[in-house]
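Undergrad: Okay, sequence plus prediction incoming.
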Amino acid sequence: MKAKNKILYFLQEIFIVVIGVIIVVSIGKYKENINNQDYLDKTLKTIENEIEFSQIDLDSVLVRHLKLYEQLDIETYSDEQKTLAEFLLNSGEVQVATTQNVSL
């Protein structure tokens, strides 16, 4: 009878430990999912901000390049011949858009 009681007690203890481990693992996975979601939200917000800043820069470059194109169109039909360097110096040169690289 004592051996049977010891085995039963041993199985109960193992069962309690296994349940505890399962609970701890579940809590760990839950916390990891929350952290992953927070990281994803932060990453998406950073990308959104980077796109907004880049769009502003691109818009300003587009305006300048459209003016440059119009000036080039006018100069094409002009009787006066200019070099490309002279044309660029007189028309405000070419502007290059910059993009921001924001690290997480």
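TA: Great, that's in hand. What you are looking at is a predicted structure, and each value in this text was computed from that prediction instead of being measured.
Undergrad: Every contact and neighbour count from this point should use C-alpha atoms.
TA: Noted.
Undergrad: longest single helix anywhere in this structure?
TA: Secondary structure assigned by DSSP state H gives helix 2-76 as the longest helix of the chain.
Undergrad: helices and strands around that one, which ones?
TA: Of the remaining helices and strands, those touching helix 2-76 by 3 or more Cα pairs under 8 Å, 6 or more residues apart in numbering; DSSP states H and E are helix 84-91.
Undergrad: could you give the angle of the helix it packs on to helix 2-76?
TA: Taking axes from the mean of the first three to the mean of the last three Cα atoms, to 10 degrees, helix 84-91 and helix 2-76 form an angle of 100 degrees between their directions.
Undergrad: Tabulate the CA atom coordinates of helix 84-91 in PDB.
TA: This file holds the C-alpha atoms of helix 84-91, laid out as PDB (Å, rounded to 0.1, in the frame of the first residue of the first chain):
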ATOM      1  CA  LEU A  84      24.900  72.300 -71.100                       C
ATOM      2  CA  ALA A  85      27.000  73.700 -68.200                       C
ATOM      3  CA  GLU A  86      25.900  77.300 -69.100                       C
ATOM      4  CA  PHE A  87      22.300  76.100 -69.300                       C
ATOM      5  CA  LEU A  88      22.500  74.400 -65.900                       C
ATOM      6  CA  LEU A  89      24.200  77.400 -64.300                       C
ATOM      7  CA  ASN A  90      21.500  79.800 -65.600                       C
ATOM      8  CA  SER A  91      18.600  77.600 -64.800                       C
END
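Undergrad: Tell me which residues of it come out buried.
TA: By neighbour count with 16 or more other Cα atoms under 10 Å, helix 84-91 contains the buried residues 87, 91.
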